[in-house]
Structures are given as structure tokens and as C-alpha cells.
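Colleague: whatever this is, show me its structure:
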Amino acid sequence: MNPDRAARLAGAVGSWRAALRIARREARRARGRTALVLAMITLPVLALTFAAASYDMSELTPAERVGRQLGTADAELRWVARGPVVQSAWGDGWSHEGEPVQAAPVTAEQVGRLLPAGSRVLEIRRWAPVPFRIDDRDETFSGRIVDLTDPLGAGLARVLAGRPPGGAGEIALNPAALRRLQVRPGDTVTVADGSASYRVVGVVEFPEELRPVAALHPAAAPGPLTEPDNTFLVDLPSELDGDLVRRLNAYGVVVTGRTPAPVAPPAGDAVFVPSRSPALDVEQMSTMVLVGGLGLLEVVLLVGPAFAVGVRRRRRDLALVAVAGGDAAQLRRVVLADGVVLGAVGAAAGVVLGVAVAFAGRPLVEQYLFGARFGGYRCWPVALVAIAAVAVLAGVLAALAPAWTAARQDVVAGLAGRRTAPAHRRRWLAVGLLLTAGGAAVAAAGAAGSTPSVTLAGLVVGELGLVFATPTLVGLLARLGRALPLAPRIALRDASRNRSSTAPAISAVMAAVAGSVALGVYLASDEARADRMYEPTVPYGNVVVSSPDPERAADAGTRARVVAAARAHLGADHVAALTTADCPPAVDSCSVTPVLPPERTCPWPPGDGLSAAERRQALADARCRDAPADQYGQYFEVVVDDGTALPILTGADPADVAAATAVLRAGGAVVTDPRYLVDDRVRVLVNHFGDDPDAPPPAAAALPGHALRTGTGIDRLLLSAPAADRLGLVTRPVGWAVDGVADQRRQDRFVAALRPLGLQVEIERGRPDSGARPLLLLLAAASGVVTVGAAGIATGLAAAEGRRDLSTLAAVGAGPGVRRLLSLCQAGVIAVLGSTLGIVAGLGTALIILTATNRRYASTWPVSEPYPMVVPWTVLGVLVLVPLVAMLGAGLFTRSRLPVERRLD
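Modeller: Below you'll find the predicted structure:
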């Protein structure tokens, strides 16, 4: 090696060694600041380590998975197709040539004929629905139908109490099912329709499913099982060899053994059928990396102020290093070493604690998060090394800006202990504005192209731009503080003088709030869009009771029980019979639809084949704007009625109902779309489908018509009985329509009263709740925690840095409340400014994403429902209150006694 290069390398190594020793000494001296930094680095490392270790333990190895799958058996056989198959080595996937034909149900005896002499076979059904009645509701549990008393089935489950079910009328439940049903061993449970009852004889646990599971003996299976499972456990007289696997594959049987089978890969145009979900694609991986980058940036912004304050507290020491001959690079290394030491210690502590918490909390995680038992105790070393490296990187990045500041400080001012205001260069403002604009453009492009990773990358870039521009904004606000009272003026002055610590704290609050607001606006807008697109089947609160059996729907006794239940539980005033129109007896299938006149039909077909000019013409065509659903074809529910069920199904106004009833009783038809009405007549077409040459030709008729102008519900065609006869249709009763709005408890009692009749009940309760509101509140809470934490950290550091100012205030006669007020104002500067910037940035981000998405929707045909801009005021209200909480907390937890320090000059 070149002597000069070796000397420089030795000097750099020695410089880093000295810097690390200084950092270790400084960490011991400033224990409070050290503990703060370690806590902020350790907590995310602990969380990530916990997640990585838990995920690694949850991912079973092939041997672990097969061990659970087989229990004590030698192999599992699954008869999957009628014809040869080629399977994977572990039997977790198979391939075939051409289109496979599903295997018919087979018996254990048929499977035994394919095996060597002396083999034993046990049939098993790993999933069968078992419905139970819980609090007047039906809830379906996962059922395992297997003889657990057989030695082959005994290894599939662990008996926790009692014994396995041994015959009909017995059942075993896992702990989750016992809790859900609120029963104990010895009690009796009944299936939802009351057709079977079982006595609970034991408590078992299937390791692959900790959610409610019921274990049944094959003799106790609840009713016929429609889908064949064709799964068998076998005990072989000798080891499973390749010849037996190939022979079974020739019959369409997939074999899973305890060791991988010697099989050949699929050949030709065979199609592989995997049984496990595919790995993460590039889009998902890039999104995860960007989310991790956002989290890393948040940690850096929260930790950075502590390093900045540490540099200011050590400016005399750093000046002595410079006087002793240290150059700018060595000064930077001294500060960067703080990040290396604290990052490494925080990473080590977080990894150790994360692994310990993952191991100790494993039973709870298995039960409540994954719903399955884990495999062996593992901790994914590669992921832990990566997490630790990221933690050290976070420490170094957090110390990077203070390191550059330390290298540029005035040595004379540092030796004298004087502050020097940082010279903030305007180029950083320009860089920040350029990054913000560029990030907005990238986010808009990603939203327009439906690429989440690109959108997220744009948000990251835009957030970095706001981080660069924040110090300049703090300086501008400090100029406005000249007209304020003493405490807020000092708070703004300190924020401007200590931008290296204040700006990162403000940026951390801004980032958390902006993300919450942007995601909250998107979720709220998506909820509003879903509300617009939702079409109720009947008016809110009304009920449709249907029966698949026409004889039961026509039975007078069943109708009487429905009417009695509706009046007793729903307080219903009106119960109307529902009748539909079926195809003629000689026709297999048919469709009954009103005919839209050609002059009212949209001429532009759906798809991406239209040019930009044609899309503009289609968007401007009134025939296409009125009912965009026509482009994909409308489906009409056909009801044969005389006006009795019409008000319950549509909720139309009385005058509209009266006019429609008159038309129906005159032998006409009623539609819910006015475009189908021409000269008070509706043309109805009946198309017949099938290959029968004797089938009648299509039937059509122009009937007296009425179009409902009011009401709600899906598209319907209501025919009178004479009109149905004229079209050659056959009427069939299907159920009843019930009016009236009742609360959830009364509705549940109504459903429970009709359950023994085997009827289906549909209650219009509006669009199902998507669960977005709890997520919005969770986002607001997370942002609030970051805001309060960042304000508290920065306020505490500012208080530690400003002890001399507090001493000066005490010396000139300031009262004890001044310190509380000063701390309150310092927290307010960070929390209020960060929350304000975050709300503005979040709203702007959401507006960009929604606008770009709507522009993309507007360029397609047919046009999709656009996203409205909906602001979640609950979230914004919480975020507005959070700065007040931070300010009050700073004021309450600050000691009011002002320190008096004696200075010797």
C-alpha cells in the first residue's frame, strides 16, 4: 500500500477511535439526553424486532407444516382429479395437462385398493361449516370431521380436557369455541336450524386454527356435505417411496409424506396449481421500503434535536479540539460518533428486548393475532441485522446536520461560551420548494397511474422539501414576535436561534399530522363515494322474506306465521306477498326486460377502444349521462304485483303509488326508470335461451305503462298478472315484503322467529359500515402522540439550553409563573406550527391524489363515480386540540421556580 494512503487510513482510524471514546464519555455525562435518544431509537427497533421474530416463528418450515398435517400418519392422500397429475415434492401443489376434471367422491375402501397390503386409511374432512345459534344469530364455525379416537387421527389435535367425540351426538370444542358459545364440557349445543344437538365431551386444540373450531365424529356430520374433500390419512407398512407416489399420481392422487417425494417438475403446457399464496411482488416490496423510509425519517427528525442541543452544550469542548489541531472532518466525526454509539446501543437494546418480548408474548400473539400456533423459537437473524443497521443509520443521520453545524462554528465564540446565530442559507429554501413541488408532481403521477409506490415516493420527496423549508419559516415567524408579549417573544426568538433543534421537531409533527390528514381525507372521501354508489334493494328498514321452496312460499300457514312475527317483533302494518315471473315450461331459461328505445340508447360501447375525441363526445351525450350503468347492461328484478307490494319495495310517494297501482290493475307494467316509458307504454321483451328446437320464439308486447318518479331501490319491472300471461310467463310465489323500521334487537328477534321455517330474511340496513371511523380516530391518536412527544422533547431540550436566560429573568424580578408560561409558549411554537403545516400539507396531498385519480377516471369510459373532497372534521378537531394539550402539559409539568446561577466572569 502507498505509504501516504496508509498514513491517512491510520489517521482516520485513530480519529474515529478517539471520537468514539469521546462519544462514550459524553453519553455517560449527559445521562438524561442519552436516555431520551436511546428511548426514541430503542422503541421502533423493539417493535420491528418483535414483528420480525413473530413473523419468522409463524412461518412454518415444510417439516413443521407436514408434521401438523399428518399427525401420527405416514402420509396424506388427496384425490384431486380424474386423470394423471404431477405434484410438488411436499405435495403442496400439483399440475396437470389440459383442463382437469374434479374427482368424484371416493371412499376409504377405494383408496385402500391403491395402497400396499397392510395399509390403514382414515378419512378426514378438514373444513366443514357448522352453524350455531348465538344470541339470536347464526354463526358458522369451522368444523373438523375426523375420528380423533383412531390412532391415525389422534395426532391432529391436543386434548386439553375430557375426551374426543366417539360417535353421533358428541362434539369437542376448542377454547375459543367454548368462550364464544359460553358452554362447558357436559353442556349441550344445538345447530342453528335445530336439526341436531350435541353434548360437549371434550376440549381440543388444533394448532393450525385457534379461532372457534368444532371437532365431530364422522357419524355426527351435520347433514349432507356437498363438496367432496377426498382427503385421507394413511398408515403404510413400509416407507413411502417414489414408485408408490407415481402410481398414485397416475390416478389423480396428490401425496404428502414426511419427507419430500422424488418427483419430476411439470412438463409441456401443464398448469401448476399452488396451494400457498405467492410471495410479495415488486410493488408491495417498494411500498414497504417507502413506508419504512417514512418511519426512519420520523425517527431522525425526533432524535435530531437532542444531538443539536448536545452540540451546543459541548461547543467549548469542540472548540478546544479545533484549537488542538482538529480539522472540520475530525469535528464532524466527534459528533457523528454520538450517533454511532447511541444508535448501536439503542439497536442492541431494542433487538434484545424485542426478541425477549416476542418469545414471552408468543402465546398471546398466537391466540389473538395469527390464530395459529407457531413453529420453533426463531428470530430471523438476517432481518435483525438489517433492523440494527437501520437503527445505527438513523442515529448517524440524526447527528449529520449537527455535525456539519459543529464543523462550521466560530472557534473564538465557542471558547468564550458565546452563542452564534446560525447563518441559514437561502438555497435550502429553494431546495425545499423544488422538492415539495417535485414531490407533488410525482405523487399526482402515481395517483393517476394507480401506482401506490410512486405516490408514496412523491409524498416522501415532498415531505423532505417541507423539512428543508421549515427553518426559513421559523426565522420569518421570529420576526413577527417583536410585537408579542415577553414569553411568546422569547419562545419565538429561541426557536429561531436554535433552528437546528426546533426545525426537526416541527418537521416531525408536520410529517405525522400530514400523513394522518391525507389518509383520513382519502378514507372519508372513499366512504362518501361508496355511499353515492350504494343502491338499496328496498327502502331503509323494510324486509324481504324469501323461500327457495315455492310450496312453502305459497303455504297459508307459513304466511300466517310471517305476518304474526312481523307484527309482534317489527310492528309492521303491511305484509305483501311477492311473486315473480318464470319461463314457460318448455324453456330452460329466459330473460324478461323492458326495451329501451333506440333513440334513448347510448351509442358508445364500453371499453378502452375509444379515442380521446370519442370519449369527449360520449361524455357530452345526454343519452349516456342519464344512466351510465346502461353501458354494461341493466338488470331488472321482475315482480308480478297488483300494487300491493309496490309501496314496500319502492317507497314511492302516495300519488305515484296510486297512479302505478291503477296501471297494474289495468293489466299494464311499471318501471323505475322513466326512459323506458314512451307514450305511456312500456315495451317488454322475453328472450328464450337453450338448444331445444321446440322452444317458443321470443315474446314481446307493448303494455300500458307507468314510470315511478319517486322512491328508491334497484331497477325493477313490475308486471300485472294479465301482462305476465300475455307474455307467456308463469308466476311463482317467492316470499313476502314487510314494511316498518325497527331497532337491531327487534330485527334479530324477528329473524330468530322465522329460523325454524327455513326462510331467508334480508333487512335493508343501508350500506354496511366499512370500519373507517375507528381507523381515522387511530390515525389522529397516533399523530397526537407524536405531536405531544415532539413538543415535550423539544421543550425540555429548550429549557435545558435556556437555563441562563431563565436565570436572567429571575435576576431582573420575573415571577415563578413566567417559566411556566415560557414553556407553554415554547411547546406551542412547535405543536401549533407543526400541526398547522401538517394539516395544510395533508389537505394539499389529499387534494392532489383525489384530483389526479378523478382525472384518470374522467378519461375512461364509462366514467366512474369521482371521489369527492371530504374533510374528516373529527380528525381535524382532534389534531387542533392536540397542540393545546401539549401546551397545557408543558405548562403543568414545568417547575415554576426560576433558577439563579452565579456566574464568575
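
Colleague: which strand or helix spans residue 260?
Modeller: Secondary-structure assignment from DSSP states H and E places residue 260 in no helical or strand segment.

Colleague: please enumerate the helices of the stretch 501-650 of the chain.
Modeller: 550-554, 556-565, 612-620, 622-625, 646-650 (DSSP state H, counting those that start in this stretch).

Colleague: from the chain's centroid, how far away is the shortest one?
Modeller: What that stands for is helix 622-625. Relative to its chain's centre, helix 622-625 lies at 37 Å (CA atoms, centre = their mean, to the nearest Å).

Colleague: list the buried residues for stretch 299-311?
Modeller: Neighbour-count burial for stretch 299-311, counted by 16 or more other CB atoms under 10 Å, picks out 299-311. The C-beta positions use only the backbone N, C-alpha and C, and glycine is treated the same way.

Colleague: what about the closest residue in space to residue 259 that isn't next to it in sequence, distance to residue 119?
Modeller: Of all residues not flanking residue 259 in the chain, residue 240 sits nearest, at 7.5 Å (CB to CB, 6 or more residues apart in numbering). Applying CB to CB, to the nearest Å, the value for residue 240 to residue 119 is 11 Å.

Colleague: which secondary structure element contains the closest residue in space to residue 648 that isn't next to it in sequence?
Modeller: Leaving aside its chain neighbours, residue 648 sits nearest to residue 737 (4.2 Å; criterion: CB to CB, 6+ apart). According to DSSP H and E, residue 737 maps onto strand 730-738.

Colleague: what about that strand, average pLDDT?
Modeller: For strand 730-738, mean pLDDT is 89.

Colleague: the chain should start at 488 in everything you say after this.
Modeller: Sure, I'll start counting at 488 from here, so that last one is strand 1217-1225.

Colleague: tell me which strands and helices it is in contact with?
Modeller: Under the contact criterion of 3 or more CB pairs under 8 Å, 6 or more residues apart in numbering; DSSP states H and E, strand 1217-1225 touches strand 1030-1033, helix 1037-1041, helix 1043-1052, strand 1062-1069, helix 1133-1137, helix 1208-1213.

Colleague: what's the third one in contact with?
Modeller: Contacting residues not belonging to helix 1043-1052 are listed as 1032, 1034, 1039, 1062, 1064, 1223, 1225, 1237, 1240-1241, 1244, 1246 [CB atoms under 8 Å, 6 or more residues apart in numbering].

Colleague: taking those together, which two end up most distant?
Modeller: 1064 and 1240 (18.6 Å; CB to CB).

Colleague: follow-up on the earlier one: buried deepest among the helices of the stretch 988-1137 of the chain, which one?
Modeller: helix 1133-1137 (a mean of 24; mean count of other CB atoms under 10 Å).

Colleague: following element in sequence after it, please.
Modeller: Helix 1133-1137 is succeeded, C-terminally, by helix 1141-1152 (DSSP H and E).

Colleague: lowest-confidence helix or strand of the protein?
Modeller: None of the helices or strands of the chain scores lower by mean pLDDT, DSSP states H and E than strand 758-761, at a mean of 45.

Colleague: redo the helices and strands packed on strand 1217-1225 as CSV? Include mean pLDDT and distance to residue 942.
Modeller: Converted to CSV, those look like this (pLDDT from 0 to 100; distance: least, CB to CB, whole Å):
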stretch, mean pLDDT, distance to residue 942
strand 1030-1033, 89, 42
helix 1037-1041, 79, 52
helix 1043-1052, 88, 52
strand 1062-1069, 88, 47
helix 1133-1137, 89, 42
helix 1208-1213, 90, 53
